[in-house]
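> Could you look at this predicted model? Sequence included:
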Amino acid sequence: MKQNPPATPGKSDSGTSTLEGAVSRVVFSSAASSWTVLRLTLSDTKRTTITAVGPLYGVQPGESLRLSGNWEENRRFGRQFRVTSYLALQPSTLKGIERYLGSGLIPGIGPALAGRLVARFGLDTLEVVENDPSRLSEVEGIGPVRAEQIRLAWRQQQGLRDTLVFLQSQGMTTGQALRIHKQLGETAVAAVRANPYRLAEEVTGIGFKTADQIAAGLGITGDASQRVEAGILYALDRAAEAGHLYLPLPRLREDAGTLLALDGDGVPVRAAIDTLTGRGEIVIEPSTSRQTDAVYRSRLHATEAGVACRIEKLLASRSDSREIDIPKALAWLEENQHLELAPQQVEAVRCALDSKILIVTGGPGTGKTTLVRAIVQILAKARQRVLLAAPTGRAANRLSEATGAPAKTIHRLLEFDPRQMIFQRQGGRPLEADYVIVDEASMLDCSLAYHLLDAIPNGAKLVLVGDVDQLPSVGPGRVLADLIVSRRPAVVRLQTVFRQAAQSRIVTNAHRIRRGKMPDLEHPSRTTDFFFIERQEPEAILETILHLVTRRIPRSFGLDAHRDIQVLAPMRRGLIGTENLNIELQRLLNPPSGQDASPPGRLRGGDRVMQIRNNYELDVFNGDVGRVLPKAEKDEGLRVDFGRRTVDYEPAEIDELVLAYACSVHKSQGSEYPCVVVPIHTQHYMMLQRNLLYTAVTRGRKLVVVVGDPRALGLAVRNDRQLDRYSRLTERLAHPPASRPGG
């Protein structure tokens, strides 16, 4: 059907139009966003071919579509039809059926076989494939086994299409729909209709709000028990994302009531809490002298109690390691390894050899790395079995380089099995070690800490090394800080900044920030490693950062913009938040080329990306950074080079990746970069905290550049009020295990 062009270039028609036609070519398709560009041959008398763009992921050449949307004039690509919704129709011509089946849609059917099928069955081909597949054996090259394979592949494809159409009609993205289909299979539609809140519990990346939107469309009432129970669990999960292990009961009722638009003290919320407690999905611990009743998700309650129990057992058990003559060991270290330790480091070595559990904390330049190397060398000389680990791959690599001994991520150390989702090293099969040394211990959340402690044999010793003044773990809990406050393990705080490190303004300014003093903002020479560039307005900050990253820093310091420079922002939103910074940096550092019509912010070959969730099947973890490799034209997934190896992502997994030219300070924990650029402005007011600024500055190894408003910098330095986390770990460690509530 013929459409009139827009009256004004750049603006859409006022009304919604409907087109029907057959897909002649898919120009571009992104599984992460469902954004697709295709050529459609209209079902009009002139067989006009037009360009259609929009959420059309999964459509195939030869497929017939009914599109709804508006015409628009794109300055780069000309006139095109922007699709808002579509309906897939069965191809109605012999050529269309042949192209549809031969497009690769059905494994086992290529262009040649599609041609033979159409030649045999004509316009009834799709009917035969769907309802009478035994007849496929009438075609040369298809036996009973292959016919059955084609039937199953067709059913799976149709099931996927039904799931996509249903879930997209409920307002979900293609990436979400693909994950749901992968998790729930062919029963996805029936399962969602029966209880949409299953999605929030069972499908990664689908939260309560998305499930609630579907539930409303399916007629589930606001006070339905399944909705209220799901809302309570979501409130606890959201608290865990903010770092809390539990919520006080009044706070939970308030949060759930706000989320559900119900009275938090009313019957539906109280009844749902009772039901969830009875089913064992939540645990309510009685109030203490200082706190009200605490409500935990059951798994978090078990891990917190488990951490306390394992700490107690390790401290109470006798060490199996042989006794080491400490003065003799220190003399050997100085004479043979040419390693002379400062008094605090000597004390730390003594504690490491004498104590069952030692925590070593200190800021940059205080000698934590030298200390760990000394301990490892002494233990190696004494023929002790030593295992080294860190929470992230980058931190483990640095630990290995610093000590000369192999180091692993904690997941690898504990032999995590992604198929069974279990750690194979645990209480029944502990690690074979006399000493376990863990670096970057401030990143340990409660769950990972539990699995680590569970795998350490009672006779072994544990050394935790980390900077407690940095941001706490991304996951729930504040394990390192709680252990230090409890005074149960031995603690050594390294405070002396060594002379060589003191020559770095990154180090000296980091310590000034830690002590609540403004960093030195003067630039005494061009060779300094810390710069502050004053800019008052967000627009000026953005412009300066783009110039620094793409031109000035690479030219002045010989650093690679793609590999060496990391922008760290306090927040996601806003002009100088990570989301907009990534779009702008991608535009300059990796613009689209050739026929690449992907919109800004979508992933393409050459982009720096970050994994934002643990994916145990792919062996990539939250915070891992890599680079997207070029892909084949018809490849719907992505291949990412993470340095140590390349990883292939299926379409349903791509939304686990985000652009990483800029990332949040929280996501940078455990990493170091040659150069860090940090925007700071009063619009980041809610996130301007001393430990956040301190963490950002200490991520830079060779160069740190802070760009922004001095007032915002002052606010961050003065604000030592860390967001409190609800945890009872310190309290558990203060009581004997037998009297510990719920422990």
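Thanks, I have it. Computed from a predicted structure; not experimentally measured. Numbering: from 1, shown residues only.

> Spatially central residue for this protein, please.
Nearest to the mean C-alpha position of the chain, by C-alpha atoms, centre = their mean, lies residue 612 at 1.4 Å.

> who touches it in this structure?
622, 656, 657, 658, 667 (C-beta atoms under 8 Å, 6 or more residues apart in numbering). (Glycine included, C-beta is placed from N, CA and C.)

> which parts of the helix or strand bottoming out on mean pLDDT in the chain are buried?
When each helix and strand of the chain is scored by mean pLDDT, DSSP states H and E, helix 499-502 comes last, with a mean of 70. In terms of neighbour count (16 or more other C-beta atoms under 10 Å), helix 499-502 has its buried residues at residue 501.

> What is the subsequent helix or strand relative to it?
helix 505-514 (DSSP states H and E).

> neighbouring contacts of that next one?
For helix 505-514, using C-beta under 8 Å, 6+ apart, the contacting residues are 363-365, 469, 497, 501-502, 518-520, 528-530, 690, 693-694, 697-698, 700, 703-704, 717.

> Only whichever of these are buried, select them in PyMOL.
Per 16+ other C-beta under 10 Å, the buried members of these correspond to this PyMOL selection:
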select buried, resi 363+364+365+469+497+501+519+529+530+690+693+694+697+698+700+703+704+717
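
> among the contacts of helix 505-514, which are in strands?
530, 700, 703, 704 (DSSP state E).

> quick one: contacts for the last one?
To tie it back to what came earlier, the one meant is residue 704. If you count contacts by C-beta under 8 Å, 6+ apart, then residue 704 has 506, 509, 529, 530, 531, 675, 676, 678, 697 around it.

> do the same with the first one
Contacts for residue 530 were tallied using C-beta under 8 Å, 6+ apart; they are 504, 505, 506, 509, 519, 520, 697, 703, 704, 705, 706.

> ok, the residues you listed vs residue 145, which is closest?
Each of the contacts of residue 530 was scored against residue 145 by C-beta to C-beta, and residue 703 proved nearest at 62.6 Å.

> how near is the closest one to residue 679?
Per C-beta to C-beta, to the nearest Å, residue 703 is found 16 Å from residue 679.

> Residue 395 too?
25 Å.

> more neighbours, those two?
Between residue 395 and residue 679, residue 679 has the larger neighbour count (other C-beta atoms under 10 Å), namely 30 against 23.

> Can you classify that one by secondary structure?
Here residue 679 is recorded as strand under DSSP: H, G, I helix; E, B strand; the rest coil.

> Setting aside sequence neighbours, what's the nearest residue to it?
Once flanking residues are discounted, residue 679 sits nearest to residue 576: 4.4 Å by C-beta to C-beta, 6 or more residues apart in numbering.

> Now do the longest helix along the chain: which elements does it pack against?
The helix spanning the most residues in the chain, taking DSSP state H as the definition, is helix 144-169. Helix 144-169 sits against strand 78-89, helix 125-131, helix 174-184, helix 188-194, with contacts defined as 3 or more C-beta pairs under 8 Å, 6 or more residues apart in numbering; DSSP states H and E.

> Compute the number of surrounding residues for the residue nearest to residue 679.
Neighbour count of residue 576, defined by other C-beta under 10 Å: 28.

> Kindly confirm whether my reading is correct that it touches residue 542.
Yes. Between residue 576 and residue 542 a contact is recorded at 5.4 Å, counting by C-beta atoms under 8 Å.

> which residues do these two both contact?
Counting by C-beta under 8 Å, 6+ apart, the residues touching both residue 576 and residue 542 are residue 679.

> Just put the contacts of residue 704 in a markdown table and tack on pLDDT and distance to residue 38.
Shown next, in a markdown table, are the contacts of residue 704 (pLDDT from 0 to 100; distance: C-beta to C-beta, whole Å):
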| residue | pLDDT | distance to residue 38 |
| --- | --- | --- |
| 506 | 93 | 51 |
| 509 | 94 | 54 |
| 529 | 92 | 51 |
| 530 | 94 | 51 |
| 531 | 94 | 48 |
| 675 | 96 | 42 |
| 676 | 97 | 42 |
| 678 | 96 | 42 |
| 697 | 95 | 48 |
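
> Report the two of those separated the most.
Longest span within these, C-beta to C-beta: 509 and 675, 15.2 Å.

> picking up where we left off before, out of the helices and strands packed on helix 144-169, which is closest to residue 48?
strand 78-89 (11.3 Å).

> Walk me through which strands that closest one pairs with, and which way each runs.
Paired neighbours of strand 78-89 in the sheet (DSSP bridges): strand 49-55 (parallel), strand 64-74 (antiparallel).

> wait, isn't residue 188 in contact with residue 163?
Yes. In this structure, residue 188 is within contact of residue 163 by C-beta under 8 Å, at 4.7 Å.

> any residues in contact with both of the two?
With contacts defined as C-beta under 8 Å, 6+ apart, the residues shared by residue 188 and residue 163 are 180, 181.

> so when I look at residue 686, I'm seeing a strand, right?
No. Read with three-state DSSP, residue 686 is helix and lies in no strand.

> Next, find the distance separating it from residue 575.
For residue 686, the distance to residue 575 - C-beta to C-beta - is 16 Å.

> Tell me which of these two has more neighbours.
Counted by other C-beta under 10 Å, residue 686 and residue 575 do not tie: residue 575 has more neighbours, with 16 against 9.

> Would it be right to say that the more buried one lies in a strand?
No. Assessed with three-state DSSP, residue 575 is coil; it does not lie in a strand.

> What sits closest to it if chain neighbours are left out?
Per C-beta to C-beta, 6+ apart, closest to residue 575 is residue 538, 4.3 Å.

> I'd assumed residue 682 was in contact with the one you found.
No. Applying C-beta under 8 Å, one finds residue 538 not in contact with residue 682, separated by 9.6 Å.

> which outside residues touch stretch 199-215?
167, 170-172, 175-176, 179-180, 183-184, 192, 196-198, 224, 227, 230-231, 233-234, 237, 259, 613, 655-656.

> let's see it at 6 Å
170, 171, 179, 180, 183, 196, 197, 230, 234 (C-beta atoms under 6 Å, 6 or more residues apart in numbering).

> same thing with stretch 575-595?
So stretch 575-595 is contacted by 538, 541-542, 546, 550, 561, 567, 569, 571-572, 600-601, 606-607, 659, 661-664, 679 (C-beta under 6 Å, 6+ apart).

> Show me how far it is from its chain's centre.
How far stretch 575-595 lies from its chain's middle: 20 Å, per C-alpha atoms, centre = their mean, to the nearest Å.

> Tell me the buried residues in that stretch?
Residues of stretch 575-595 classed as buried by neighbour count (16+ other C-beta under 10 Å): 575-586, 589-590, 592.

> just the residues you listed now: which is nearest residue 387?
Comparing the buried residues of stretch 575-595 against residue 387 with C-beta to C-beta places residue 578 closest, at 35.4 Å.

> if I look at that closest one, how far off is residue 544?
17 Å.

> now swap in residue 602 and tell me
From residue 602 to residue 544 the distance is 26 Å (C-beta to C-beta).
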